[in-house]
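Asker: from the sequence below, what's the structure:
(one chain, ligands or ions: 2)
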Amino acid sequence: TAPLIEAQSLRMEYRVGRGQVLRALDGVSLAVRPGEVLGLVGESGCGKSTLGRCLLRLARPTAGRVVFDGTDITALPERTLRPLRQGMQMVFQDSYASLNPRRRIGDLIAEPLRVHRDGQGRRRTAADIAARLAELMDLVGLPQAALARYPHEFSGGQRQRINIARALALSPRLVVADEPVSALDVSIQAQIVNLFMDLRDRLGLTYVFVAHDLAVVRQISTRVAVMYLGAIVELGDADTVLHRPAHPYTAALIAAVPEPVVLPDGDRAPPLRGDVPSPIAPPPGCRFHTRCPSAQDRCRTDPPALRDPGDGRQVACHFPLTGG
Ligand code: SF4
Ligand code: MG
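Answerer: Ligands and ions are numbered 1, 2, ... in the order given. Prediction:
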């Protein structure tokens, strides 16, 4: 099947001072097929949110292409993009910031239904909108009475259900969720992740799920992309990447969670030392070499390209830990 969303050699650069350039994305390519859940992981500042925003054309990349459902949307004017926007929605981390506190939940969720026309190009009637609001409340597990209330009357988890209802109002095919459970209590996180999984099954959704918490990513993802300093360093099936990591950075991320991975040689990956280097002046060669326990001389000068070590995934490392 053809990808629903595809990034081709995306670059995103910001001028940050005299002649200095911050490269938030440095040649990112990936494709997500219908029904997949791509978990996008990496430490903060690695470019995951920027990539998510570029995929939905909420940000415009400096170079490269974004193709949604066969259409190159990279440079489409806003008017042409508008009907396509219905098919792609975002859920953000901060459940409160995205909801106008002075408007009722029903108004907030109805807004996209009022702005966009229906499948036949008609404006929706008040009755259409009321019926859709009722459906959406059922879908996200909120009582109908919530529609008449205000955002501050809800908990963080409930507000995230409201944001999800709003994102689903126009029946999108793709949802990009940027750390949608990171701000919630752990017990609530599981409920919202379960809701995402349930909605995917019921509605046939495709997700790009941005997270720094590997436990969450493991629960929901069918594929995983690991990012470091603006680039993908490992990409493949969630089981393969998360249980038999090939990139030392992936292994280090996994080692930092409570149930660390056991590497093929029986050792545990050592914990990650040091901070992420500045994306304004990333290290030469392999950008991970300043923190990599497996680094060799070659890694300091020769940047590794993404390649398949023989088991269908892609890894950017001269000395992958496993594969084939
Ligand atoms: Fe580590 Fe070298 Fe692989 Fe980079 S290329 S991840 S420095 S072993
Ligand atoms: Mg972010």
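Asker: from ligand 1, how far out is S294?
Answerer: Per C-beta to the nearest ligand atom, to the nearest Å, S294 is found 4 Å from ligand 1. In this view, the C-beta of every residue, glycine as well, is placed from N, C-alpha and C.
Asker: where's that residue, which helix or strand?
Answerer: Using DSSP states H and E, S294 falls within no helix or strand.
Asker: with R218 instead?
Answerer: R218 is part of helix 214-220, with elements assigned from DSSP H and E.
Asker: go on, A251?
Answerer: A251 belongs to helix 248-255, assigned by DSSP H and E.
Asker: next, L55: phi, psi?
Answerer: Per-residue torsions, L55: phi -60, psi -30 (degrees, to the nearest 10).
Asker: if we can go back for a sec, just after the helix holding R218, pick out the following helix or strand.
Answerer: In the C-terminal direction, the helix or strand that comes right after helix 214-220 (DSSP H and E) is strand 223-228.
Asker: what sits against V91?
Answerer: Residues near V91 by C-beta atoms under 8 Å, 6 or more residues apart in numbering: Q160, N163, I164, A167, V175, V176, A177, D178, P180.
Asker: spell out which parts of the protein neighbour ligand 1.
Answerer: Selection of the chain residues close to ligand 1 by C-beta under 6 Å from any ligand atom yields 247-248, 286, 288-289, 292, 294-295, 299, 304, 317-319.
Asker: before we move on, back to that, quick one: buried residues of the helix holding R218?
Answerer: By neighbour count on 16 or more other C-beta atoms under 10 Å, the buried set for helix 214-220 is L214, V216, V217, R218, Q219, I220.
Asker: for stretch 125-142, same thing?
Answerer: For stretch 125-142, burial by neighbour count (16+ other C-beta under 10 Å) applies to I129, R132, L133, L136, M137, L139, V140, L142.
Asker: average pLDDT for it?
Answerer: The pLDDT scores in stretch 125-142 average 97.
Asker: any idea how far P283 is from the most centrally placed residue in the chain?
Answerer: In the chain, the residue lying closest to the centroid (C-alpha atoms, centre = their mean) is V210, at 3.0 Å. Separation of V210 from P283 (C-beta to C-beta, to the nearest Å): 24 Å.
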